[in-house]
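# pasted the sequence and its predicted model underneath.
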Amino acid sequence: MNLIFLGPPGAGKGTQAKLLTEKYNIPQISTGDILRGAVREATPMGVKAKGFMESGALVPDEVVIGIVEERLAKPDCVKGFILDGFPRTVAQADALQRMLNGLDRAIEHVISVEVDNAELLERMAGRRTCRACGRGYHVTFDQPKVKDRCECGGELYQRDDDREETIRKRLTVYEAQTAPLKQYYAGESLLRPISGIGSIDEIQRRIVAIIEGRQG
Ligand SMILES: [Zn+2]
C-alpha cells in the first residue's frame, strides 16, 4: 500500500493521512520530518543534507530522494507508506519512480483531495484565534459563546496567515506547483481525485474505497 497524498492547504489532507496510518498501520512520511530525522541520526544521506543546510543551500533532489530511500528501508514501511508533501515537482516524481523501481516497489495510488477555492477560503478565512490563550474558533463552524470573545475572556482576532489575501496567494502557489504533478500522475494512470467536501468520515470512506478497490 504505497500512497502519495496531494491536497491544497485547508483540505484536511493531514487528518485523512493520519487516519489511514492508524487503520492500515503504515507510516506517514513527510520530507521535513525525515530530513530532520536523518540529520539527527547522521545517516549517510543525513550527513550530506546537513552540509547543504549548513551552507544555506537547498538540499538537492538526489539527497532528498536518498533520505526517502533510507526511510523506506525501515521495517515499518514493509506494508506500505503514505508520502505527504513529496514529490513536489515532476523531476522529483521521476526520481522517486526510478528509486522505487530499483527497490521493486511502486506507487499504487496518488490520492488528491479536491476542495474548490471558495470552500477553502470559507474554511480558512473564518478562523479566529484568542490573543490571550491561543485557542482557535471558527466564525461558522466553531463559534464562541460570546461574539469575538474566547471562553477565557480574551479577544479573538484573525491571524495574518488566515487573511483572505494570504490564503489566495497560497492557493495560487499550490495550484501552480501541483498542476504539472497531477498531469504526470494522470499520465501514469495513478491519479485518484476524491472530493474533500463532507465529514471526516465520509471523506475517509471515499479514500478507503479507492485503496480497497471498491471505486464508484
Ligand atoms: Zn482564550
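Thanks, I have the structure now.
# near the ion, which residues of this structure?
Taking C-beta under 5 Å from the ion as the contact definition, the chain meets the ion at Cys130, Ala132, Cys133, Arg135, Cys150, Cys152, Gly154. Any C-beta I mention is one placed from the backbone N, CA and C, and that applies to glycine too.
# next one: the fifth one from Arg135, what distance?
So that's Cys150. Remark: distance between Cys150 and Arg135 (C-beta to C-beta, to the nearest Å) = 6 Å.
# more neighbours, those two?
The residue with more neighbours, out of Cys150 and Arg135, is Cys150; 21 against 15, by other C-beta atoms under 10 Å.
# tell me the average confidence for the strand or helix carrying Leu96?
Element membership for Leu96 (DSSP states H and E) is helix 90-102. Mean per-residue pLDDT for helix 90-102: 95.
# what strands flank the very next helix or strand once past it, and is each parallel or antiparallel?
Downstream of helix 90-102, the first helix or strand assigned by DSSP H and E is strand 109-114. According to DSSP bridges, strand 109-114 forms sheet pairs with strand 2-6 (parallel), strand 191-195 (parallel).
# got JSON lines for the ones you listed, with distance to Pro44 too?
Putting those into JSON lines (distance: least, C-beta to C-beta, whole Å) gives the following:
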{"stretch": "strand 2-6", "distance to Pro44": "23"}
{"stretch": "strand 191-195", "distance to Pro44": "33"}
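# which of the ones you listed has the highest mean neighbour count?
The highest average neighbour count among these, using mean count of other C-beta atoms under 10 Å, belongs to strand 2-6 at a mean of 23.
# OK, contacts around Leu19?
Ile200, Gln204 (C-beta atoms under 8 Å, 6 or more residues apart in numbering).
# ramachandran angles for it?
phi -60, psi -40 (degrees, to the nearest 10).
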